[in-house]
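> No sequence on hand, only this structure:
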């Protein structure tokens, strides 16, 4: 089935801003709560949220094999499990419904009132129930920076890094959508030079600029997915802020990896942009530095040119953009990640989320975390309001944005925006 | 509400073996598929599986506030979310229904036929949909053994171990019930003395003798659970075999912890024994070696005296018991684990599973893994059939059993039994 939804010449009859992440060529999927307190699956064009459950009930998806309640769900998991053919047919149909040449919905005021919402009328939810969340560590620049800080320049990159798409399991229960604030975590830290840990608020709360992909039901237990087949199992992508507490991490992570330093929260952008929508922005990733094992060999354009930025907005103040990076910098692509993840037979389900790991570029203004930007607190970052940062302060809002752009079209992810609240106060409970 | 179900003097009108893990004082919870292909929640007394969905429809739970379909589910998650008061009321009622003094069900042949199944008529399922799975590392003996093997006697225990209940996130999607076989995983390994990794079947497949506890819906994101409150959020326990591939683990685990070496499978016993049923077997754990931080301080009998064993049964041969251990050996108890897990605000949901980590005792015949029993392949273990083992061979079945016993009653977990199949054969797909 051709991806007719991607036609760059198509215009919509909806009034939308000239520069938007969500032109009619995007058609992402999300879940929102309406003004009537109903949860539904929807899409977004310009600054309109569109209720796909209502559209389906009104017959606009007739001819596509869909169950009656496929969009009347509080997560996208069942829709995603229906597979690529369904996603593609639905995106194509949505493009037709809102095409400026199609007057059916345009001229039906009752239907329009049922289906269309402005953004201030809805509340975005987490788009999937995350079964398992895996976080990769696939930026060579990030792994090298972190290694250099903690082990010195000579031993910066671990011996396994160029062979293994290193990853670890994260916590699904603390993945939250954009807009939900996060409390500064408390935990154990070992002060420099001390021989006993202390307990208290993390003083090194950090963001990690990541993206995550969401899978459909993949392999049964025991059966690997190949690099060649992997994209069949990838529904789409979101922006991903993998909150981290560097001081807690440093004390706890040997030998089994990060735990409480990470699992207090990870924030995602609420609209899942499909791999189909990103098709025009395919590109090749970095050339392998050494030969990879056969099960990880990848050829062709298996990654995407997605421009990324992170800003900090202090309370009652303007934001400062701290860094610009790009998804295409990653050494290991999503197909290699998924092939590696399943080579031992580990099963992947609909709604699983796989983070990329922090996406850093080679230059200091493209680093994807405060740990790297402030070089573990050795440098100070000036904000526009005159204040300094080494890590994230209470009541700062961290905003990540991402989009693809060529001369024809801009496909974006919107943003993931999260405020860091002070430590949870038991006395107020 | 008193736990009347635990009355050691109670006898049942069901005919049950004199020595069973499942006397009328146990009343565990599980999920099974019946001869009519219906999935239901059930309990077990002796060698009878009891359909709680059918019992509820027949009115046997009248007076207990339960939704109509609470037992007509394919997981226990909703029942567990109902909380301790409900679990206790249901267990007490089941004890009354099957008490030898109660003739209602006993004398109703139609009801008995609807409700009672022999074990060969049913197929046990995974008892919960695991939202998140966390694996602790709470045996000081195990951590010391592993440390000694890989880092030498001087640096055996990591500096953080006595302060932090070390843990990492595992994979929920590969948790399977007893009886489901597992394929030997493939992956990257770095041969001794080589400088490039090779790909192939793991040659060091191992079991880990663990137990896991299952939580109910706990804390909202941002709010910790205290050591004192923790048991309110623990529904019950299962036996847990955390399959491991030691050669894959050794190459991949630095710096983010084990990943493919663990996530190919973890096997659980299918009946969840409630914390209530274990009440008579409360005991104190080991005394802390150093003072713990205040948020981890624990007093009183917060662990349980559960005798554990592991056997290997080669194909078409008799089994050999390799080790005897005890849950009470663990340095960190479940309440400390849960308090630590949530101290940073990480939310816990109904159906989450928390593994103990390998449970080793101080003596070589109480070690909880082949890694320790064979001292990473340096020693050979003789089986009864004359064959040798260093790790697990193809077509071996690994069987773990656990029970508590005093002069009045024996409360057991049954077993988790898993066969290791050869590497998955793509040609046969």
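Sure, I can see it. Predicted model, so just to flag it, every value in this text is computed and none were measured.
> Around residue A:362, how many other residues sit close by?
Other residues near residue A:362 come to 11 when the count uses other CB atoms under 10 Å in any protein chain shown. C-beta here means a position set from N, CA and C on the backbone, and glycine is covered the same way.
> Name the SS class of the residue nearest to it when sequence neighbours are not counted, please.
Residue nearest to residue A:362 in three dimensions, not counting chain neighbours: residue A:141, with 5.5 Å by CB to CB, 6 or more residues apart in numbering or on different chains. Three-state assignment for residue A:141 (DSSP: H, G, I helix; E, B strand; the rest coil): helix.
> need the residues of the stretch 101-250 of chain A near chain B, please.
A:131-132, A:137, A:158-160, A:163-164, A:166-174, A:176, A:180, A:182-183, A:185-188, A:190, A:196-197, A:199, A:221-224, A:245, A:248 (CB under 8 Å from any CB of the partner chain).
> Filter the residues you listed down to the ones in helices?
residue A:248 (DSSP state H).
> For the nearest residue to residue A:293 once chain neighbours are set aside, the count of nearby residues, please.
When the adjacent residues along the chain are set aside, residue A:293 lies closest to residue B:199, with 4.9 Å between them (CB to CB, 6+ apart). Counted with other CB under 10 Å, residues neighbouring residue B:199 total 14.
> Any chance of a ChimeraX selection covering the buried ones in the residues of the stretch 101-250 of chain A next to chain B?
The command below creates a ChimeraX selection of those among those that count as buried (16 or more other CB atoms under 10 Å in any protein chain shown):
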select /A:131,132,137,158,160,163,164,166,167,168,169,170,171,172,173,174,176,182,183,185,186,187,188,190,197,221,222,224,245,248
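> so how far is residue A:324 from residue A:311?
10 Å (CB to CB, to the nearest Å).
> scratch that, residue A:344
37 Å.
> where does the stretch 251-400 of chain A come near chain B, residue by residue?
For the stretch 251-400 of chain A, the contact set with chain B under CB under 8 Å from any CB comprises A:251-260, A:263-265, A:293-295, A:340-341, A:343-349, A:352.
> ok, back up a step: dig out what the residue nearest to residue A:293 forms beta bridges with.
According to DSSP bridges, the partner residues bridging residue B:199 are residue B:188.
> Could I get the pLDDT score of it?
We have a pLDDT of 98 for residue B:199.
> what's near enough to touch it?
Contacts for residue B:199 (CB atoms under 8 Å, 6 or more residues apart in numbering or on different chains) come out as A:293-295, B:186-189.
> Kindly report the same for residue A:369.
Counting by CB under 8 Å, 6+ apart, residue A:369 has contacts A:142, A:206-209, A:244, A:358, A:360.
> Residue of chain A nearest chain B, please.
The minimum distance from chain A to chain B, using CB to the nearest CB, falls at residue A:257 (2.5 Å).
> residues near that residue, how many?
By other CB under 10 Å, neighbour count at residue A:257 equals 27.
> which one is it nearest to, not counting chain neighbours?
Nearest to residue A:257 is residue B:257, by CB to CB, 6+ apart, at 2.5 Å.
> thought that neighbour was touching residue A:167?
No. Counting by CB atoms under 8 Å, residue A:167 is not a contact partner of residue B:257; they are 9.6 Å apart.
> most residues in a single strand of chain A, which one?
Assignment by DSSP state E gives strand A:410-421 as the longest strand of chain A.
> now that strand, how far from the centre of its chain.
Offset of strand A:410-421 from its chain centre (CA atoms, centre = their mean, to the nearest Å): 9 Å.
> same deal with stretch A:178-191?
Distance, centroid of stretch A:178-191 to centroid of chain: 20 Å (CA atoms, centre = their mean).
> show me where the stretch 1-150 of chain A has helices.
Under the criterion DSSP state H, counting those that start in this stretch, the stretch 1-150 of chain A carries helices at the ranges A:52-57, A:77-81, A:84-97, A:109-115, A:140-151.
> and among those helices, the most buried is which?
Mean neighbours per residue, mean count of other CB atoms under 10 Å in any protein chain shown, is largest over those for helix A:52-57, with a mean of 21.
> Can you show me the strands along the stretch 151-300 of chain A?
Under the criterion DSSP state E, counting those that start in this stretch, strands of the stretch 151-300 of chain A are mapped to A:167-169, A:175-177, A:182-183, A:186-189, A:198-201, A:205-206, A:209-215, A:234-241, A:244-245, A:266-268, A:273-274, A:282-283.
> let me redo that: the stretch 1-150 of chain A
Using DSSP E, counting those that start in this stretch, strands in the stretch 1-150 of chain A cover A:30-33, A:39-45, A:48-51, A:116-118, A:123-124, A:133-136.
> if you compare those, which one is most tucked away?
strand A:133-136 (a mean of 26).
> and that one, how far out from the chain's middle?
Here strand A:133-136 is found 11 Å from its chain centre; the criterion is CA atoms, centre = their mean.
> Other residues contacting that strand?
A:165-172, A:175, A:210, A:212, A:242, A:262, A:266, A:332, A:337, A:341, A:352-357.
> Let me see the contact set for the residue nearest to residue A:362.
Here residue A:141 is in contact with A:329, A:360-362, A:366-367 (CB under 8 Å, 6+ apart).
> Just the pLDDT for it.
At residue A:141, pLDDT is 98.
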